[in-house]
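**Q** prediction below, plus the sequence it came from.
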Amino acid sequence: MLGLVGSGMTALAGCISGSSSTSENSTSSGTEATPTPKPGDATPIESISYTSGWEGSTAVLFAEITLADDASINRINLISQGKRFSKADLASGETKARLKLADVGRGRMADSISQSENTLVLIGENSETDVPFTYRPNLQFKQIVKPDDHPNLTPHDGFSGEHLGVVIENTGTKPALIEWYNTYNDPAYHASGGEQNAQRFPDNPIIKGQSESVLPLKRFLYHHWNCPDLGTDTEDAKVRISMACADDITIKFPLKYKHEGTNNCRPVLTGEARTVSPGTTHNEQ
């Protein structure tokens, strides 16, 4: 039987830097209301909520800012690592603004605000107010699964076999983006002399608050290879997951193959999956 649940669920946080400007044509979803970040008595910000959505084929995270009714602000800049990452211009009397926090498109690295504190700069006709801003989703590795164990993991397709999946859970309220994930030390590739590392990009990188995402490990079993040629020794397979606004996490799990008929092998987890070098642990901020 396949061992399922990993040990030591680990929270993640952080971001990588980049630059972009906000766009008006995104269809947002999954609003997650949160308190205003470190508001002072003088700040005109009343609340901030967070949404995730799409701009064409690019997945995006946004901050939705609501200002006080008597605020006189005509622009909000989001500053990250000393540079403007995104901005929102407001018409006279307007009290709502949207700022891009991160985006990721299939096949490319993410643009996102820094893991360190950023700054919202609220600009009025005769005023400028700086508000510290941090965005850290609360993410953790949950378990390794096989197709029958998770509704969003595709069963084998007759060519790439019955692959495993890694489940990542967002236990907080803020949406997050998966940037890419790599697999290492696949026993099948190791035994056949093929490539051992494979970078993948998820079809849907968005993980809304209080939800989870499963990442298929399609190279961890190939139907057309014979188990005796692969060997039956257990090896530590490894998966590294990179997220916009979250530290990388690396998962290891002992894996071997079981022979079931001609050219038919199945993966067998011979122990618990575990996280290694997950980076600094944070609570959601």
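**A** Received it, and whenever you're ready, just let me know what you need.

**Q** can you pull out the helices in the chain?
**A** With DSSP state H as the criterion, the chain has helices at 187-192, 227-230.

**Q** weakest of those in terms of mean pLDDT?
**A** For the helices of the chain, the weakest mean pLDDT is recorded on helix 187-192, namely a mean of 51.

**Q** measure the closest residue to Asn77 other than its chain neighbours to Ile207 for me?
**A** Taking Cβ to Cβ, 6 or more residues apart in numbering, and ignoring the residues beside it in sequence, Asn77 has Val121 as its nearest neighbour in space, at 4.3 Å. Using the backbone N, CA and C atoms, a C-beta is placed for each residue, glycine as well. Distance, Val121 to Ile207, using Cβ to Cβ, to the nearest Å: 29 Å.

**Q** and the two? which has more neighbours close in?
**A** Neighbour count, other Cβ atoms under 10 Å: between Val121 and Ile207, Ile207 has more, with 24 against 16.

**Q** picking up where we left off before, now the residue nearest to Asn77, which residues is it bridged with?
**A** Asn77, Asp130 (DSSP bridges).

**Q** kindly report the same for Lys96.
**A** Beta-bridge partners of Lys96, as defined by DSSP bridges: Thr66.

**Q** wait, what's in contact with it?
**A** Counting by Cβ atoms under 8 Å, 6 or more residues apart in numbering, Lys96 makes contact with Glu64, Ile65, Thr66, Leu67.

**Q** which of these has the most neighbours?
**A** In terms of neighbours by other Cβ under 10 Å, the contacts of Lys96 top out with Ile65 at 26 neighbours.

**Q** quick one on the thing from earlier: isn't the residue nearest to Asn77 right up against Ile76?
**A** Yes. Between Val121 and Ile76 there is a contact at 6.9 Å, judged by Cβ atoms under 8 Å.

**Q** who touches both of those two?
**A** Common neighbours of Val121 and Ile76 (Cβ under 8 Å, 6+ apart) do not exist.
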